[in-house]
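>>> sequence? don't have it. structure:
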């Protein structure tokens with residue numbers, strides 16, 4: 001899991017720096033630009049629709065991994081709006097606490113069932 005952690009940390013640092021520069025140059029008005037590109041039917045809009053699928057998938061996985069408990073549903077909302085900024089931190093935290101990659105991805109309960117099979 002060392003390589004996974006390294007990728008997560010490097011990506012998180014790069015994303016934080018990049019985001020800070022974008023906010024400095026363009027402000028916090030992400031949603032107007034995001035949905036404006038979608039409504040313009042441009043390549044950036046196509047990318048935003050595609051990316052939205054990843055956000056939905058990330059949120060669904062976060063909720064599923066937590067067995068749709070109230071805390072996992074709250075984390076799913078954070079996953080949807082936080083994107084990779086959230087997911088890199090969450091996966092890094094899980095990788096430091098979990099005994100295996102199976103437990104990171106599936107949760108301990110699901111991972112233990114997988115090994116028993």
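Nice, I can see it. Values in this document were obtained by computation on a predicted structure and should not be read as measured data. Numbering: from 1, shown residues only.
>>> For the residue most central in space within the chain, which non-adjacent residue is spatially closest?
Centroid-nearest residue in the chain: residue 87, 3.1 Å away (criterion: C-alpha atoms, centre = their mean). Taking C-beta to C-beta, 6 or more residues apart in numbering, and ignoring the residues beside it in sequence, residue 87 has residue 58 as its nearest neighbour in space, at 5.6 Å. All C-beta spots, glycine's among them, are computed from the backbone N, C-alpha and C.
>>> Burial check on that neighbour, number of neighbours?
19 (other C-beta atoms under 10 Å).
>>> Contacts only, for it.
Residue 58 is in contact with 79, 80, 83, 86, 87, counting by C-beta atoms under 8 Å, 6 or more residues apart in numbering.
>>> Tell me the one of the residues you listed nearest residue 34?
residue 83 (11.2 Å; C-beta to C-beta).
>>> How many residues are close by that closest one?
Residue 83 has 17 nearby residues by other C-beta under 10 Å.
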